[in-house]
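>>> pasting the sequence and the predicted model now:
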Amino acid sequence: MDIFGGIEKLITEHGSAAILKERLLLVADKYAELEKSLVMSQTKAKDAISEKNNFELENIKLRDELRCVNEQLLKIHENPLTSKFGILWDKHGNAQCPKCKTTINRVVWATHINGQVPSLKCSCAIDPIVLMEAGQPIQAPDAMRFMANS
Ligand SMILES: [Zn+2]
């Protein structure tokens, strides 16, 4: 090999090494870009999965609520309530506590303005419920009798 051939070979080798290096850098760049977009895709997939899980939980919760509402509607349908004397009564004439919705049977004396009037007392509340008719207190046993017979 003559000296010029050697130099030319050197230049070619160096030249291709530089190109190779450039290509390698490009490939490395592309690789880093792909890795970055893979991580982004994985993050997006994770977000989508957690969003899906949230929707499923919400769906279960809503179904449960719907079931409760349907049960309440059925109960109301089976046992319609009547509003009278300031409270609700079921179809059998039982007074319903406005707070806890249970039947009240207990009658106690309650003070109304300056008088005493037999009133309903639920175990869930401290104060008795004074039943009213047309702005006047009505004795609870009278109201209960009336509702039981109507
Ligand atoms: Zn109650």
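Cool, the structure landed. Keep in mind the model is a prediction, meaning the values are calculated, not measured. Residues are numbered from 1 along each chain as shown.
>>> tell me which element the residue positioned nearest the centre of the chain falls in.
What sits nearest the mean C-alpha location of the chain, by C-alpha atoms, centre = their mean, is residue 61, with 6.0 Å. Assigned by DSSP states H and E, residue 61 falls within helix 3-78.
>>> averaged pLDDT, that helix. What do you get?
Averaged over helix 3-78, pLDDT sits at 89.
>>> tell me the gap between the helix or strand just after that helix and the middle of its chain.
Using DSSP H and E, the helix or strand that directly follows helix 3-78 along the chain is strand 82-84. Averaged C-alpha coordinates place strand 82-84 at 32 Å from its chain's average position (C-alpha atoms, centre = their mean, to the nearest Å).
>>> with stretch 73-84 instead?
26 Å.
>>> residue 82: how many residues sit nearby?
Using other C-beta atoms under 10 Å, residue 82 has 14 neighbouring residues. Heads up, the C-betas are built off the backbone N, CA and C, glycines and all.
>>> list the contacts of it.
88-91, 147 (C-beta atoms under 8 Å, 6 or more residues apart in numbering).
>>> please apply the same query to residue 35.
Here residue 35 is in contact with no residue (C-beta under 8 Å, 6+ apart).
>>> would you mind measuring from it to residue 41?
In this view, residue 35 and residue 41 are 11 Å apart by C-beta to C-beta, to the nearest Å.
>>> identify the residues contacting residue 81.
88-90, 96.
>>> which positions in this protein make contact with the ion?
97, 99-100, 122, 124 (C-beta under 5 Å from the ion).
>>> okay if I get those as JSON lines plus distance to residue 48, pLDDT and secondary structure?
JSON lines is the format used below for those (distance: C-beta to C-beta, whole Å; pLDDT from 0 to 100; DSSP: H, G, I helix; E, B strand; the rest coil):
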{"residue": "97", "distance to residue 48": "48", "pLDDT": "96", "secondary structure": "coil"}
{"residue": "99", "distance to residue 48": "45", "pLDDT": "95", "secondary structure": "coil"}
{"residue": "100", "distance to residue 48": "45", "pLDDT": "94", "secondary structure": "coil"}
{"residue": "122", "distance to residue 48": "51", "pLDDT": "97", "secondary structure": "coil"}
{"residue": "124", "distance to residue 48": "47", "pLDDT": "97", "secondary structure": "coil"}
